[in-house]
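Colleague: Everything below, folded, please.
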Amino acid sequence: MRQRSDIRVLTDAFRAELLKLVTLPAIQYTVLGIWAVTALITVALVNAGQDNTDVLSGPVPAGFVVLGLLSMTSEYQGGQIRTTLVAVPRRITAYVARLVAIVVVTGPVAGATVAVNALVGGRADGRAIGYLTATALIAQAVGALLRRTVPALVGLLTYYFVIGPLVRDRSFAEYLPDGTNWLALSVWAAGITALALAAFHTRDA
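Modeller: Residues are numbered from 1 along each chain as shown. You can find the predicted model right below:
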């Protein structure tokens, strides 16, 4: 009976988190921006003679960094996190609900992004859906750890667009969060998420 009650609490929390995400203007604008940038960049590259482009070769992943980050840091702006924890006192349940919600949101957004890229002449690579979703999860976890949008965003974008490219030719680069090794990416996403969950569980709101 208690297990069924716990499942119901998690389900209700998930629905609430999903509703908050899909109705948050910043999330909506980010999604529209991702699709617009994807289309514009792909069209420009195709017109320049660069066929077979994919969504991972440009700034599109930055949109998923913002998407994942805002899904968490938006809770700390104005103290909304306190209201969330009053409604869902179990912090692990609250975090898992938001984690599942961002996956449910990001997966279709990533799929649509790949589709938009293909429709305007780019490459349809289904693996990009997993990469972009994992990127959003990493950003969400960093947001939970830092709890502030600007420092977290600056740090993540600096890594993905400055540090990452600088070390891309190194032998270990494929094992970094922006690398090409899917197992390593999964481990990074799971590891940072576990660290964020532990911090969320033990720290004050």
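
Colleague: the strands in this structure, which residues?
Modeller: Counting by DSSP state E, no segments of the chain form strands.

Colleague: May I see the buried residues of the longest helix along it?
Modeller: Secondary structure assigned by DSSP state H gives helix 91-119 as the longest helix of the chain. By neighbour count, and taking 16 or more other CB atoms under 10 Å as the criterion, the buried residues in helix 91-119 are 91, 93-102, 105-106, 109-110, 113-117. Backbone N, C-alpha and C define where each C-beta goes, glycine included.

Colleague: likewise stretch 181-192?
Modeller: Neighbour-count burial for stretch 181-192 flags Leu185, Trp188, Ala189, Ile192 (criterion: 16+ other CB under 10 Å).

Colleague: now stretch 26-40
Modeller: By neighbour count on 16+ other CB under 10 Å, the buried set for stretch 26-40 is Ile27, Thr30, Val31, Ile34, Trp35, Val37, Thr38, Ala39.

Colleague: try stretch 124-141
Modeller: By neighbour count, and taking 16+ other CB under 10 Å as the criterion, the buried residues in stretch 124-141 are 128-129, 131-141.

Colleague: quick revisit: okay if I get the buried residues of stretch 26-40 as CSV plus pLDDT and distance to Leu21?
Modeller: Below are the buried residues of stretch 26-40 laid out as CSV (pLDDT from 0 to 100; distance: CB to CB, whole Å):
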residue, pLDDT, distance to Leu21
Ile27, 92, 6
Thr30, 93, 11
Val31, 92, 10
Ile34, 90, 15
Trp35, 88, 17
Val37, 86, 20
Thr38, 84, 20
Ala39, 85, 23
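
Colleague: Closest to Gln80 out of those?
Modeller: Each of these was checked against Gln80 using CB to CB; the closest is Ile27, at 13.8 Å.

Colleague: Quick check: Ile192 touching Ile138?
Modeller: Yes: here Ile192 reaches Ile138: they are 5.4 Å apart, a contact under CB atoms under 8 Å.

Colleague: What about the buried residues of stretch 26-40, which are in helices?
Modeller: Those of these mapping onto helices are Ile27, Thr30, Val31, Ile34, Trp35, Val37, Thr38, Ala39, per DSSP H.

Colleague: Excluding chain neighbours, give the residue nearest to the third one in space.
Modeller: Spatially, and ignoring its direct neighbours in sequence, Val31 is nearest to Val109 (5.4 Å; CB to CB, 6 or more residues apart in numbering).

Colleague: distance of the one you found from Gly164?
Modeller: Distance of Val109 to Gly164, computed by CB to CB, to the nearest Å: 22 Å.

Colleague: Report pLDDT for Val60.
Modeller: What the model reports as pLDDT for Val60 is 84.

Colleague: Tell me how many other residues crowd it.
Modeller: Each residue near Val60 was counted by other CB atoms under 10 Å, and the total is 25.

Colleague: residue contacts, Ala139?
Modeller: With contacts defined as CB atoms under 8 Å, 6 or more residues apart in numbering, Ala139 is in contact with Phe64, Val65, Val66, Leu67, Gly68, Leu69, Ala152, Leu156.
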